[in-house]
Every structure is written in structure tokens, then in C-alpha cells.
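Q: coordinates for the following, if possible.
(2 chains)
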Amino acid sequence: MDGRPALGIALTQVSKAFGAQLALDHVDLTIDQGSFVAVMGANGAGKTTLLKVISGLAAPTSGSVRIAGIEMRKAGPKLRALVGVVSHETMLYADLTTEENLRFHAKLFGLRDPAAAVMRAVERLDVAHVLDKPVRALSRGTRQRVALARALLHDPAVILLDEPYTGLDEAAAATLTELLDELATPGRILMLTLHDVVRALSGPRRLIVLSGGRVALDEPIAGSTDRMAETYLGLLRAEARR
Amino acid sequence: MNVLSPAFAIAGKDLRLELKTRDVVASVGLFVLLVVVTASFSFPTGGEGREGVAAGVLWMAFLFAALLGMGRSMAVEKEDACLEGLLVSPAPREAVFLGKLFANLGFTFAVELVILPVFVVLLQLRPGGGTWLVVLGTFLGTLGLVTVGTLFAAMAVNTRGREAILPLLVMPVSVPAMVAAVKVSEAGFSGGMADGTLSWLLLLVGYDALFLLVALATFPYVTEE
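A: Residues are numbered from 1 along each chain as shown, chains lettered A, B, ... in the order given. Predicted coordinates for the structure are as follows:
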């Protein structure tokens, strides 16, 4: 990470529609380097779409997404090299082994020494012992760690995690939390979506709440988090009544 | 990042997957073999025009087999959001298309090369000096089918009933390639170039080039949400 130019994410008036459904509605966001952001909201609030728009998986219907000042639409491949994406689906081929999956992704990212990158990633995620096992044979928690290893192969400056805790047992979730804390360095942007308000307020340093595709709350997490939790739950209740 | 390096990585990954599961080759190979064996029982052993009918039967089998293989190949990418894994990488979208195209072409053409001699023997055809033309026509026809099919398979992968939608999308567009491939194969089964064969070959080359360009230009939009 050291020596890289400062980077940030800037969304300007970003809207994303799927047919008549507006998933994001004129979202303005600035996320600075070193941020650790939790994105929350009810189902369908636009969390996943927000991450997809930032990762380049979805193109905004209007507005612009910039990473390090560069428009995503104009330099997609270059910017995607800066981003690591983890979702609740692993993006791993179940019939390939852990090593085959990771080597394949290392090649896709054009890494100079795929074997070394794979070893670094599996050691960091403590999954070296399953290198020769098919992903299909791994437990949900181990699969998620391998998925994280895949996303970290190229040492990304921006890490986007879409509901990474889904399906993890408490032990695996605790390991993931430790890892996220470790990854949240001043040189990185870490952004995750989740539903658990306690988790959202215990690690991340900023909370963004989406409601109906709009930013309903955007505050730093500091001091007593009870008020933020109450505000969030209030927003959820209001949305449920709609 | 260049286009070919990630494309070969994707094709290599598909080959590795296929070696483990044999999903595509087994389903495609068995289907074509079944059609060929069935056709051999009802096929006339003599008479004029046999080569044309044989070429028609062969390409019907190849078309459906290719559809089967391409649908399966893209379905693998849908499982566990693997396609998203390709799309969030810095590999250009064109490389993702080419990688899938190389893999689909490789599997389909390999099966066809195995089936062709069986077909010739069972249907008692005598291509002789036209063998090269049969192989060339098969390659060019398959390239056209697979180019169109890979693009449409990516479009259909997120739809419900994609197995039904893929043939509906591919078949109308692939008619020119099918007709030309049948004509070239017919000439090949008859022993070599005939009047008009060169035109059919050129049509195949033109079709392949045109749809390759169209697919490369549109694939990035097809895969973008």
C-alpha cells in the first residue's frame, strides 16, 4: 500500500434504475482514503447496488463514480485493479481447488508472480491447509476466507464487502471481524454492507444508512453508539411502515 | 493489461474445469453421437443428393450440441457469482468474451472432430480429397455458431428459462452460417470444391468476422448491469 497516491471515492448524483425500479436515487458520497465504512439499510435499500456501482459491475444510469479522481466509466479496467470485491457469494469455482481458483484470479489480475501472491494470501487468511481441496468440499466459513484471499491477492486499495457475514457461524464471524480490523489501514478504503447494527457500530468508523436508494444517514461512528443504533432502527421502522 | 493473456487464462480455467467434470464434452458428445447413430439407421445407402442430406443432418446435430455446450459453459459462471468475479477483475470485458469463446470453440470443435469420422463411416460417405473441406467448413461454421452463441449465452444467463431462450436467440441469427456450412460440408462429402463452394466459404468467413466484431463491441454492455 505504501507509496501509492492518495485515493478516494466520489459519487456525484449517482442514480441507478433497473427498469422502473430506482435502486439508487441521486446519491452524493465522498469516501476518503483510510475510511472504514459500514453501509446499512433494509432489504432493497440499494446497498448492493451501491457497491456494484463503485466496483464497476453496474453502470450508473446517471451521475458519475470516481476513484482517485478518475471516472470509472472511462478507465474501468485500470480502476478495477485497485478494488477487491467480496460478496456473500464466493465468486469461486466449486469444482476447482483453492489453489487453482486463486492462481486463476492472480492471472486475471495480471500479477507478476501468481504463485507467490497466492501463498501470501492463503497464509494471511490461514487457509494454506486447504490449497489442494476443491472449494466444494470446504465449510462455509473457510470458503468465505478463501473468497477474501481471492479479493486480497492484488493487495487492493479499496475493499468492498457485500454482506460478508452472511452464513458464517460465530467463530468464523469473529475471525472475519479481526481480519477487517487488520485490513482497515490508513492507506485503504474498506466498505461493507451488513444488517447487524452491533457489528456495524463496533468496527467501522463511519455509518451510511440507505433508504429507498437515498442516503438517509451519514455520520462518523464515535462515542456512544446507542443514539446511532436508535436512529438506524427508527429509520428501519419508518421504512417498514411505508 | 492486454486482452489475450486473461482470455487464455479464462479458456485454460474452463479446460481445467472440463477435465474435472466433463460436463460439456460428455453432454455434447453423447448428444451428437446419438443423433449420428440414429440418422445412420434411416439414411439411404445409395442415390443422388445423399451428401446434401448428410450435411444437413450433421449440422442440425452440431447446432443443438453447440447450444447445449454453450449454455452449460455460461451456467458454470452463474454459480456462486463467478461471472462477477471475472467482471470485477481488471481484465477487459473483451478478454472475458474471448476466453469463453476460445473454450467453447475448443470443446465443440474437438467433439466434432471425433464425431466426423464416425459419421462418415456410419453413413458410408466417401469424402476422399474433400476431407480438408469438411474440416475447414466445420471449423468456420462452428466458429460462427460459437461466436453468436457465446454472446447470447451471456445475455440469457441471468434470465429465467435460459435453456429455452438461448436457442430462440441463436437460431434465427445463425441461419446464414448454417446454410453456408451445410453447403461447404456437402461439397466436402462429395469429394471437393464444386461450383459456388468458394462463395459459401467466403460467406462463412465474412459471417465469422462480422459477428466476432459485433460480439466484441457489444459484450461489455451485455455484461453490465
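Q: what comes up buried for the host helix or strand of residue B:138?
A: Element membership for residue B:138, per DSSP states H and E: helix B:131-156. Residues B:131, B:133-135, B:137-156 are the ones in helix B:131-156 that count as buried (16 or more other C-beta atoms under 10 Å in any protein chain shown). Glycine gets a C-beta too; all of them are placed from N, C-alpha and C.
Q: next one: stretch A:18-31
A: Using 16+ other C-beta under 10 Å as the test for burial, stretch A:18-31 gives A:22, A:23, A:24, A:25, A:27, A:29, A:31.
Q: so which of those reach chain B?
A: Filtering the buried residues of stretch A:18-31 for proximity to chain B by C-beta under 8 Å from any C-beta of the partner chain leaves nothing.
Q: got TSV for those residues, with pLDDT too?
A: Supplementary listing: the buried residues of stretch A:18-31 in TSV, determined by pLDDT from 0 to 100:
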residue	pLDDT
A:22	92
A:23	94
A:24	95
A:25	94
A:27	96
A:29	95
A:31	95
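Q: among these, which are located in strands?
A: A:22, A:23, A:24, A:25, A:27, A:29, A:31 (DSSP state E).
Q: which one of those residues is nearest to residue A:239?
A: Closest approach to residue A:239 among those (C-beta to C-beta): residue A:25, at 13.8 Å.
Q: follow-up on the earlier one: closest to chain B out of the buried residues of stretch A:18-31?
A: residue A:23 (9.6 Å; C-beta to the nearest C-beta).
Q: roughly how far apart are the residue in chain B that chain A sits nearest to and residue A:148?
A: Per C-beta to the nearest C-beta, residue B:85 is where chain B lies closest to chain A, at 3.2 Å. Residue B:85 sits 13 Å away from residue A:148 when distances are taken as C-beta to C-beta, to the nearest Å.
Q: ranges for the strands of the chain?
A: You didn't pick a chain, so chain A it is. So, for chain A - with DSSP E - the strands run A:9-18, A:21-31, A:36-40, A:62-67, A:70-71, A:83-86, A:158-162, A:189-193, A:206-211, A:214-220.
Q: buried residues in stretch B:40-56?
A: By 16+ other C-beta under 10 Å, the buried positions in stretch B:40-56 come out as B:40, B:43, B:50, B:51, B:52, B:53, B:54, B:55, B:56.
Q: which residues outside the lengthiest helix in chain A are in contact with it?
A: Determined from DSSP state H, the single longest helix within chain A is helix A:226-241. Applying C-beta atoms under 8 Å, 6 or more residues apart in numbering or on different chains, the contact partners of helix A:226-241 are A:40-42, A:45, A:197-198, A:200-201, A:207, A:209, A:211-212, A:216-217, A:219, A:221.
Q: now the two most distant members of these.
A: A:198 and A:212 (24.1 Å).
Q: which of the two has more residues huddled nearby?
A: residue A:212 (16 against 9; other C-beta atoms under 10 Å in any protein chain shown).
Q: hang on, that one packs against residue A:45?
A: Yes. Taking C-beta atoms under 8 Å as the definition, residue A:212 is a contact partner of residue A:45 at 6.8 Å.
Q: name the residues of chain A found near chain B, please.
A: Residues of chain A lying close to chain B by C-beta under 8 Å from any C-beta are A:18, A:52, A:55-59, A:77-78, A:80-81, A:83, A:85, A:87, A:89-96, A:100, A:104-105, A:107-110, A:150.
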